[in-house]
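# the sequence and its predicted three-dimensional model are supplied below.
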Amino acid sequence: MEQIIRIAVQKSGRLSDDSLALIKECGIKFYNGTGKLKSTSTNFPIEFLFLRDDDIPGYVSDGVADLGIVGENELVEKDKSVTVLKKLGFSKCRLSLAIPKGQTYSGLEFFEGKNIATSYPKILGDYLDSKGINADIHEISGSVEIAPSIGLAEGICDIVSSGSTLMMNGLKEVEEIFKSEAVLIANDQLSEAKKEIVEKLLFRMNAVQKGKSSKYVLMNVPNASIDKIIKLIPGMRSPTILPLAQEGWSSVHSVLNEDQFWEHIEELRAAGAEGILVVPIEKMIL
Ligand SMILES: Nc1ncnc2c1ncn2[C@@H]1O[C@H](COP(=O)(O)OP(=O)(O)OP(=O)(O)O)[C@@H](O)[C@H]1O
Ligand SMILES: O=P(O)(O)OC[C@H]1O[C@H](OP(=O)(O)OP(=O)(O)O)[C@H](O)[C@@H]1O
Ligand SMILES: [Mg+2]
């Protein structure tokens with residue numbers, strides 16, 4: 001039988017859309033109908049398990065799944081032995097301590113002897129230990145932000161992104177204790193045959209990620225400025241230069257990291273570049 005790998009992805013939630021979008025951008029086709037908890041790709045040797053994110057580190061560690069996509073917060077909290085293959089750049093958030101808005105905060109000692117509600121008792125416990133703070137950790141599985149207003153705890157430790165959930169619940173963020181983003185994880189003991197498939201998947205993911213952070217840039221340049229412009233936008237090997245129909249002008253094409261582009265835009269214009277077009281790149285293979 002042909003070897004295939006199994007990947008565990010979140011069924012629905014903050015990780016699922018971006019996880020599935022990344023897999024689709026890798027050219028991998030699969031059926032993902034509502035309620036379906038397992039699906040096999042029609043054009044790549046991979047099977048999908050759609051699960052709660054809490055279960056993903058354990059499934060990958062036990063070898064039920066070979067790969068998984070999960071937040072670093074959940075991975076560290078579950079404390080399972082797996083290999084992190086790649087940071088994926090989405091579902092970025094932080095774990096923070098927060099207290100009621102009206103309270104005065106003078107430092108971590110605020111939490112000494114207090115009761116803190118969280119879904120992340122391990123990460124919080126390790127953090128407080130490392131800072132020498134003794135607090136009571138009260139584990140709850142969701143809606144943590146409500147805890148202070150119902151008298152369950154004096155502070156909370158939960159996921160923050162925009163901060164609007166804290167604000168809506170009358171809380172203020174006082175300490176960031178952990179930064180997280182989605183990661184691709186793998187079982188520690190993959191067979192050689194599975195590793196080969198994983199390498200193919202990683203190759204595709206890298207091409208998609210590289211493409212996303214780069215732009216194809218085209219501009220019209222007076223011939224006298226070409227040397228100056230080439231120094232500003234060196235490109236993958238070197239820029240492409242094509243003559244324009246109008247004498248004395250060329251079209252310069254290059255691939256740039258988006259940050260590099262914004263850094264150099266004023267200098268490019270000062271050097272006489274005009275008609276600058278910035279085009280997204282779907283995939284990039286170096
Ligand atoms: N507001 C947010 N912004 C960005 N990333 C987030 C946000 N909230 C959570 N995340 C990240 O996405 C992961 C999944 O969050 P989600 O809220 O979907 O979890 P969940 O409710 O535990 O889902 P499940 O039903 O799968 O257990 C989190 O562990 C975290 O890494
Ligand atoms: O700082 P913010 O941008 O407000 O995001 C933070 C909130 O997002 C997550 O919950 P989510 O909305 O995913 O709902 P959930 O609690 O049902 O998982 C998390 O648990 C926080 O409550
Ligand atoms: Mg969960």
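Great, that's in hand. Residues are numbered from 1 along each chain as shown. Ligands and ions are numbered 1, 2, ... in the order given.

# and the stretch 101-250 of the chain, which residues reach ligand 1?
159, 161, 180 (C-beta under 6 Å from any ligand atom). Just so you know, the C-beta spots here come from the backbone N, C-alpha and C atoms, and that holds for glycine as well.

# which of the residues you listed count as buried?
Neighbour-count burial within those applies to 159, 180; the criterion is 16 or more other C-beta atoms under 10 Å.

# nearest to ligand 1 among the residues of the stretch 101-250 of the chain next to ligand 1?
Minimum distance to ligand 1 across those is 3.3 Å, recorded for S161 (C-beta to the nearest ligand atom).

# what residues does the helix or strand hosting L49 touch?
Assigned by DSSP states H and E, L49 falls within strand 46-51. With C-beta atoms under 8 Å, 6 or more residues apart in numbering as the test, strand 46-51 has contacts from 4-11, 16, 28, 30, 32, 36-41, 59, 64-65, 197, 201.

# could you do stretch 83-93 as well?
Stretch 83-93 has contacts (C-beta under 8 Å, 6+ apart) with 14-15, 18-19, 22, 67, 69, 71, 73, 75, 159-161, 179-188, 198, 202, 205-206, 209.

# now these: which count as buried?
With burial judged by 16+ other C-beta under 10 Å, the buried subset of the contacts of stretch 83-93 is 14-15, 18-19, 22, 67, 69, 71, 73, 75, 159-160, 180, 182-187, 198, 202, 205-206, 209.

# picking up where we left off before, in the next helix or strand after the strand holding L49, which residues are buried?
Downstream of strand 46-51, the next assigned helix or strand under DSSP H and E is helix 56-62. The neighbour-count check on helix 56-62 (16+ other C-beta under 10 Å) flags 56-61 as buried.

# so which of the residues of the stretch 101-250 of the chain next to ligand 1 sit within strands?
Per DSSP state E, strands hold the following members of those: 159, 180.

# and H253, what element?
Per DSSP H and E: H253 is located in strand 249-257.

# check V84 too.
Element membership of V84 [criterion: DSSP H and E] is strand 83-87.

# and ligand 2, which of the buried ones among the contacts of stretch 83-93 contact it?
Among the buried ones among the contacts of stretch 83-93, proximity to ligand 2 is found for 14, 159-160 (C-beta under 6 Å from any ligand atom).

# so which of these comes closest to L218?
Taking C-beta to C-beta as the measure, L218 lies nearest R14 of these, at 36.7 Å.

# can you give me the helices in the stretch 1-150 of the chain?
16-25, 56-62, 72-78, 121-130 (DSSP state H, counting those that start in this stretch).

# P234 is nearest to which of these?
Counting by C-beta to C-beta, P234 lies closest to helix 16-25 out of those; the figure is 26.9 Å.

# near ligand 1, anything from that closest one?
No: counting by C-beta under 6 Å from any ligand atom, ligand 1 has no neighbours in helix 16-25; the shortest distance is 7.4 Å.

# grab the nearest non-local neighbour of R14.
Residue nearest to R14 in three dimensions, not counting chain neighbours: S91, with 5.4 Å by C-beta to C-beta, 6 or more residues apart in numbering.

# that neighbour and ligand 1: what is the separation?
Distance, S91 to ligand 1, using C-beta to the nearest ligand atom, to the nearest Å: 4 Å.

# repeat for K283
Computed as C-beta to the nearest ligand atom, the K283 to ligand 1 distance reads 25 Å.

# ok, I23 next?
According to C-beta to the nearest ligand atom, I23 stands 17 Å off from ligand 1.
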